[in-house]
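Participant: dropping a prediction and its sequence here:
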Amino acid sequence: MDRIPSLCGVILAAGESSRMGTDKALLPWPPPLSEGSNSASTFLSSAIRLLSPFNDMVFVVAGKNASTIAPIVYANGAFLIENPDPSRGQFSSLRIGLQEVLTRGRDSVMLTLVDRPPVRPETVETLAAAFQKALAANKWAVVPQNNGKHGHPIIFGRDMVEAFLKAPETSTARDIEHQHRDKIDYVCIPDSMIAVNINTPEDYAALRSTLAGTRQ
């Protein structure tokens, strides 16, 4: 598959998962069909393996969970970056990850969140191809959408990286996206997983039930 030069994956995984009650990075993926069964893969390991073929390297931004998820990060060939103060919010983790991308001499990013179930590889391939076309049209980013909902992973270049880094610390990624909507291509993707995020045990149970139905 084609790899976009200078593209790096960034996975934000510094949240405390307070509503879930357990680190979402460690949730089994795919969800086990029954409570007693187990899976060797997790949300985090699956996300790293999904992004790796399309990126020069993959960074995982961790918080207080850094020591817990480090073995998964390194076992899957990614790099661990620690947010020293994750209480500042997700935007602070994003900026730390983006600064590391620039430090490593890269300037384009494929971004996802650890509480997003992995999408299909074909989805990432479609977005990567769309990003190449977007750059040629002087766009800054591509964002997937499904049934009117925006999701992840998103891919963006140096202009959007700088917009994130120059924004006030109190900003959110959504704020910056809305400020530059004319520079973003929204790509319709037939993959409902792009817009799914898991915050609670109920969310995870519902996802397991949905996937169990598709496996029967």
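Facilitator: Okay, I see it.
Participant: tell me the buried residues in the strand or helix carrying Ser209?
Facilitator: Ser209 is part of helix 201-215 when elements are defined by DSSP states H and E. Residues Asp203, Tyr204, Leu207, Arg208 are the ones in helix 201-215 that count as buried (16 or more other C-beta atoms under 10 Å). Quick note: C-beta positions are derived from backbone N, CA and C, even for glycine.
Participant: can you tell me the closest non-neighbouring residue to the first one?
Facilitator: With sequence-adjacent residues excluded and distances taken as C-beta to C-beta, 6 or more residues apart in numbering, Asp203 is closest to Asn197, at 7.7 Å.
Participant: for the one you found, helix, strand, or coil?
Facilitator: Secondary structure, DSSP: H, G, I helix; E, B strand; the rest coil: Asn197 is coil.
Participant: right, and it touches Arg116 too?
Facilitator: Yes. Asn197 is in contact with Arg116 according to C-beta atoms under 8 Å; the separation is 5.4 Å.
Participant: the more surrounded of these two?
Facilitator: Using other C-beta atoms under 10 Å as the criterion, Asn197 and Arg116 rank with Arg116 on top: 21 against 15.
Participant: what segments of this structure are strands?
Facilitator: Assignment of strands within the chain using DSSP state E yields the ranges 7-13, 57-62, 79-82, 108-113, 141-146, 149-150, 154-156, 184-188.
Participant: ok, now how distant is the residue most central in space within the chain from Phe43?
Facilitator: The chain has Thr112 as the residue nearest its centroid, 0.9 Å off, counting by C-alpha atoms, centre = their mean. Going from Thr112 to Phe43 by C-beta to C-beta, to the nearest Å gives 10 Å.
Participant: now Lys24
Facilitator: Here the criterion is C-beta to C-beta. By it, Lys24 lies 6 Å from Phe43.
Participant: next: Pro28.
Facilitator: Distance of Pro28 to Phe43, computed by C-beta to C-beta: 8 Å.
Participant: and those two? Which one has more around it.
Facilitator: Set side by side, Pro28 and Phe43 show more neighbours around Phe43, with 26 against 17, by other C-beta under 10 Å.
Participant: and that one, what's its pLDDT?
Facilitator: Phe43 is assigned a predicted lDDT (pLDDT) of 97.
Participant: and what of Pro32?
Facilitator: Looking at Pro32, its pLDDT reads 81.
Participant: cool, the one 3 residues further on as well?
Facilitator: In this prediction, Glu35 carries a pLDDT score of 59.
Participant: and the residue nearest to Asp203, what does it touch?
Facilitator: By C-beta atoms under 8 Å, 6 or more residues apart in numbering, the residues touching Asn197 are Leu113, Asp115, Arg116, Asp203.
Participant: correct me, but the first one touches Ser17?
Facilitator: No. With contact defined as C-beta under 8 Å, Leu113 does not reach Ser17; the gap is 11.8 Å.
Participant: looking at those two, which is more packed in?
Facilitator: A count of neighbours by other C-beta under 10 Å puts Leu113 above the other of Leu113 and Ser17, at 22 against 19.
Participant: with adjacent residues omitted, what lies nearest to the more buried one?
Facilitator: Nearest one to Leu113, counting by C-beta to C-beta, 6+ apart, is Leu12 at 5.1 Å.
Participant: so what's that neighbour bridging to?
Facilitator: For Leu12, the beta-bridge partners under DSSP bridges are Val61, Leu113.
Participant: what's the answer for Lys149, then?
Facilitator: Using DSSP bridges, the bridge partners assigned to Lys149 are Asn146.
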